[in-house]
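Trainee: how does the following fold in three dimensions:
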Amino acid sequence: MKIKPYNLDAIIFDFDGVLTDNKVYVFEDGSEAVKCSRADGLGFDILKKNKFLVFILSTEKNEVVKFRAKKLGIPVLYGVEDKGTALKNLADKHEINLNKTMFIGNDLNDKPAMDIVNYPIAVADAHQEIKNLSCHVLQSKGGEGVVREIIESILELN
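Mentor: Numbers count the residues shown, from 1 in each chain. All right, here's what the predicted structure looks like:
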């Protein structure tokens, strides 16, 4: 599948299980850490240079989501209970056409958002129901270069 940039208004990413490997490290003091791909960090730079609207939308309430998004320079909504409603509100606020929107997800809490976009994409290790509703399933697992695969395999940037 190839998508021309003019067919996209926005690319929305889930965080846990898409930008991470869906694992959490819990330390003695109760703090948590996650693993992200540096290749994805560079990928976000490419998307921004190509003028894509990019957002992170997460149900996770942990501040690690906010800090990673800040480091990447990507707007984030985290602690979201209903991703479908949150995405509709985001689209209204930023005048985003959901028929020209890609959402990359991995689990059942992503379904409400994936149901309302034209380009629902699943990571390789996504829940089967999410894979079934997706227009494309990536070869990359969550946290293993998802953003780069989208740039190199799906978007026609040249």
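
Trainee: residue boundaries of the helices in this structure?
Mentor: 38-49, 63-72, 83-94, 111-114, 128-133, 146-149 (DSSP state H).

Trainee: can you list the weak-confidence ranges in this protein?
Mentor: Low-confidence segments of the chain, defined by pLDDT under 70: 157-158.

Trainee: let's see that with 80 instead.
Mentor: Of all residues in the chain, those with pLDDT under 80 make up the ranges 1-6, 154-158.

Trainee: could you tell me the end-to-end distance of stretch 64-78?
Mentor: Counting by Cα to Cα, to the nearest Å, the length from the leading to the trailing residue of stretch 64-78 is 10 Å.

Trainee: next, the buried residues of it.
Mentor: 64-66, 68-69, 72, 74, 76-78 (16 or more other Cβ atoms under 10 Å). Just so you know, the C-beta spots here come from the backbone N, C-alpha and C atoms, and that holds for glycine as well.

Trainee: one step back: and of the helices of the chain, who's closest to Thr101?
Mentor: Judged by Cβ to Cβ, the one of the helices of the chain that comes nearest to Thr101 is helix 83-94, at 7.1 Å.

Trainee: tell me the buried residues in the closest one?
Mentor: 83-84, 86-88, 90-91.

Trainee: next, the distance between the ends of stretch 18-36.
Mentor: Distance between the boundary residues of stretch 18-36 (Cα to Cα) amounts to 9 Å.
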